[in-house]
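Asker: What follows is a predicted structure for the sequence shown.
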Amino acid sequence: MQRKTADYLEVRARPSDRTKGILRLGEITVPCALGRSGILTRKREGDGGTPVGRFGLLQVYYRPDKGLPPATGLPVEPLEPCSGWCDDPGHARYNRPVRLPFAASHEKMWRNDRLYDIVVVLDCNMYPAVKGKGSAIFFHIAREDYRPTEGCVAVSPQHMRLLLSKVEPGAEMVIRA
């Protein structure tokens with residue numbers, strides 16, 4: 001059986017703007033948004049940096065009210081209005097999905113903007129989650145003007161669907177300084 005394309009998505013910052021980057025998957029090259037602090041080698045909770053490293057693409061979530069599930073070889077699950085993600089380093093569910101309402105600090109996954117219409121969980125500080133080393137590092141939809149993220153990698157909806165159609169289980173994102 002022939003693989004669809006390369007095993008990893010490669011991300012690099014543009015030399016002219018550390019908050020914007022280029023994402024490559026095989027012969028596909030697309031623009032991406034990066035964290036407001038650019039790509040960092042030492043990630044900390046709340047620093048706005050996109051972490052350097054090699055991260056598995058673990059799980060795809062999507063908003064069922066905003067479109068069909070993306071075609072991909074990765075596991076796909078619909079978001080719900082009660083979907084959240086714990087970003088409280090002092091909580092036992094740090095850097096894990098949670099159901100809302102949730103008392104500790106968290107992100108709402110069901111957002112009013114388009115950013116999490118499709119969102120891929122990256123294996124960044126997941127197993128184990130080290131408190132304070134960063135949470136909710138995702139691959140998601142970019143703002144229309146590609147403004148910086150809080151540390152994630154983000155692309156257009158069309159590019160997200162294209163890229164996800166080319167990846168299989170075991171695919172990784174490699175973020176280089």
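Answerer: Done, it's in.
Asker: alpha carbons only for contacts and neighbour counts from here, please
Answerer: Will do.
Asker: what about this protein, any weak spots by pLDDT?
Answerer: Residue ranges of the chain with pLDDT under 70: 1-6.
Asker: could you pull out the helices for it?
Answerer: Secondary structure of the chain (DSSP state H): helices located at 157-166.
Asker: Could you pull out the strands in it for me?
Answerer: 8-14, 17-25, 28-33, 39-40, 50-51, 53-62, 76-78, 83-86, 97-99, 106-108, 118-122, 138-141, 153-155, 172-176 (DSSP state E).
Asker: Which one of these lies nearest to residue 130?
Answerer: strand 83-86 (13.1 Å; Cα to Cα).
Asker: Point out the other helices and strands that that closest one packs with.
Answerer: strand 97-99, strand 106-108 (3 or more Cα pairs under 8 Å, 6 or more residues apart in numbering; DSSP states H and E).
Asker: Only the buried residues of that strand, if you could.
Answerer: For strand 83-86, burial by neighbour count (16 or more other Cα atoms under 10 Å) applies to 83-86.
Asker: Output these as TSV; include the columns distance to residue 143.
Answerer: Output for the buried residues of strand 83-86, formatted as TSV (distance: Cα to Cα, whole Å):
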residue	distance to residue 143
83	21
84	20
85	20
86	23
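Asker: Tell me the one among these nearest to residue 13.
Answerer: residue 85 (26.5 Å).
Asker: partners of that closest one in the sheet?
Answerer: Bridge pairing for residue 85 (DSSP bridges) gives the partners residue 97, residue 107.
Asker: For it, list the residues it contacts.
Answerer: Contact partners of residue 85, counting by Cα atoms under 8 Å, 6 or more residues apart in numbering, are 95-98, 106-109, 136.
Asker: Kindly report the same for residue 154.
Answerer: 32-34, 139-142, 146.
Asker: For the residues you listed, which single residue is the most surrounded?
Answerer: residue 34 (34 neighbours; other Cα atoms under 10 Å).
Asker: Am I right that it is in contact with residue 143?
Answerer: No. Look at residue 34 against residue 143 with Cα atoms under 8 Å: they stay out of range, at 11.1 Å.
Asker: before we move on, back to that, which of the helices and strands packed on strand 83-86 sits closest to residue 174?
Answerer: Taking the helices and strands packed on strand 83-86 one by one with Cα to Cα, strand 97-99 is closest: 23.0 Å.
Asker: Identify all contacting residues around the closest one.
Answerer: Contacts of strand 97-99 (Cα under 8 Å, 6+ apart): 82-86.
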